[in-house]
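no sequence for this one, just the structure:
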């Protein structure tokens, strides 16, 4: 299960996707929108992807996780508006023994954050929205795509 | 949520127990009975606890996880018979940022395995059952408590 | 024997199974160290003279050391190497 | 200008928002390097002459380097520092 989705993520379904009778340990990372960033209240994040390449990169990361850790792996990232408190990304990895499952899951989320072409925009309570994409003047007042 | 239970563990409920609006990352470890150990097929594990001290140790580990990692933490361990493929233990930890969530969850399961007075008995397809408690002559033929 | 005290011994895992019960009562002299309880168990439970490697002890639901002295009514738990998870 | 080729430029995040559209067509000489696409964007999108720090490029849905030469019909994606997760 390697997916971009506009629907809420079912973390239990992502975890279930890595079940394997020979694997005794599964580690699931759930990344959730925090209600605060840079001391301002956040009501939601909005995620946008370069979908064609993002899916390819997620598949490539999954393949690396399988090869390096012998893990079963599942990655789901949400796009569009994600309300504070909801998961934006879930990464699950299972392996025969637990240390590799921790390493595999950690590798998956670290690589995702490093190289998958997805961007977030922070939406504040007053309607201000700020892209997190390395550009300084990226604050836009009000609205924006959902 | 710090518990010993004879019922199947709902990993999603354990994960939900560490949700916190200020915590952006949650890591959940799910330990599952593997269908194989020492090259023999395993149909189930049976867990037994010294319940009074096991609960105290779990509470102590949770308190250490909170103090060391600033984490919210939940630990549920199942007792009695656990069929192959079902979770025997779930540890969840959430923190503001993800590296600490991985470390907190890992610390929780490592400490649990090290010091909580719980023992497993491996039940094989032919009815043989072997306690994993450091004694050599611990294989008992057939049956045993459920 | 007069002057002896009764102590409850909790058994788990293969010790419980060997005993057929999850607790026994043993009679010891007051002040006997926790670690001496082993030698008071029936031979059928011990399966040898030496305590198993890695055996630890709890006294009244808290970890203790083998040298702790026993009092009347104490509950000692014999804790073999654990295997939860 | 004759001899020019049309190249599609995909825009994301603050670049997309500044442009008001998620893709533009630019006309360049054949063989123009991918990294030169930036200077062909409208000033309103660029907001300055220099490409943003950390800008990377994809060509027809694969990562590429700024020196890769453009052909007619190519699609270039301008990839600002990512922030998924």
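That came in fine, so what should we check first? None of these values were measured; they are calculated from a predicted model.

and the pLDDT for residue A:137?
Per-residue pLDDT puts residue A:137 at 52.

for the residue of chain C found nearest chain A, report the pLDDT, please.
Here chain C gets closest to chain A at one residue, residue C:85, 8.1 Å apart by C-beta to the nearest C-beta. The C-beta positions use only the backbone N, C-alpha and C, and glycine is treated the same way. Residue C:85 is assigned 94 on the pLDDT scale.

ok so it is a strand residue?
No: counting by DSSP: H, G, I helix; E, B strand; the rest coil, residue C:85 falls outside a strand, being coil.

helices of chain C, start to end?
C:13-19, C:43-46 (DSSP state H).

what is the last one packed up against?
Identification of packing neighbours for helix C:43-46 by 3 or more C-beta pairs under 8 Å, 6 or more residues apart in numbering or on different chains; DSSP states H and E yields helix C:13-19.

the helix it packs on packs against which elements?
Using 3+ C-beta pairs under 8 Å, 6+ apart, helix C:13-19 sits against strand B:129-132, helix C:43-46.

pairing partners for the first one, with directions?
Same thing as strand B:129-132. strand B:118-124 (antiparallel), strand B:139-140 (antiparallel) (DSSP bridges).

next up, phi/psi of residue A:107, please.
With angles defined as degrees, to the nearest 10, residue A:107 sits at phi -60, psi -40.

can you classify the residue nearest in space to the middle of chain A by secondary structure?
Nearest to the geometric centre of chain A sits residue A:89, at 2.7 Å (C-alpha atoms, centre = their mean). With three-state DSSP as the basis, residue A:89 sits in strand.

thought it was touching residue B:26?
No: using C-beta atoms under 8 Å, residue A:89 is not in contact with residue B:26, being 11.2 Å away.

burial measure for residue 43, as a count.
In the absence of a named chain, this looks at chain A. Neighbours of residue A:43 under the rule other C-beta atoms under 10 Å in any protein chain shown: 15.

that was the other one, I meant chain C.
8.

how about residue A:99?
Around residue A:99 there are 13 residues (other C-beta under 10 Å).

and it, that's in a helix?
Yes: assessed by three-state DSSP, residue A:99 belongs to a helix.

which stretches of chain C have low pLDDT?
C:1-2 (pLDDT under 70).

now it against chain B: closest residue?
Closest point on chain C to chain B, by C-beta to the nearest C-beta, is residue C:84, at 2.9 Å.

wait, that residue sits on residue B:114?
No: under the criterion of C-beta under 8 Å, residue C:84 makes no contact with residue B:114, lying 9.5 Å away.

tell me which of the two has more neighbours.
Comparing residue C:84 with residue B:114 by other C-beta under 10 Å, the one with more neighbours is residue C:84, at 27 against 12.

from chain D, how far off is the residue lying closest to the more buried one once chain neighbours are set aside?
Counting by C-beta to C-beta, 6 or more residues apart in numbering or on different chains, residue C:84 lies nearest to residue B:118, which is 2.9 Å off, once chain neighbours are set aside. Going from residue B:118 to chain D by C-beta to the nearest C-beta, to the nearest Å gives 35 Å.

state the pLDDT value of residue B:118.
pLDDT at residue B:118 comes out at 98.

that one contacts residue B:46, doesn't it?
No: using C-beta under 8 Å, residue B:118 is not in contact with residue B:46, being 11.0 Å away.

about what we covered before: could I get the helices and strands packed on helix C:13-19 in CSV, plus columns for distance to residue D:27?
Supplementary listing: these in CSV, determined by distance: least, C-beta to C-beta, whole Å:
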stretch, distance to residue D:27
strand B:129-132, 72
helix C:43-46, 90
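
deepest in the core, which of these is it.
strand B:129-132 (a mean of 21; mean count of other C-beta atoms under 10 Å in any protein chain shown).
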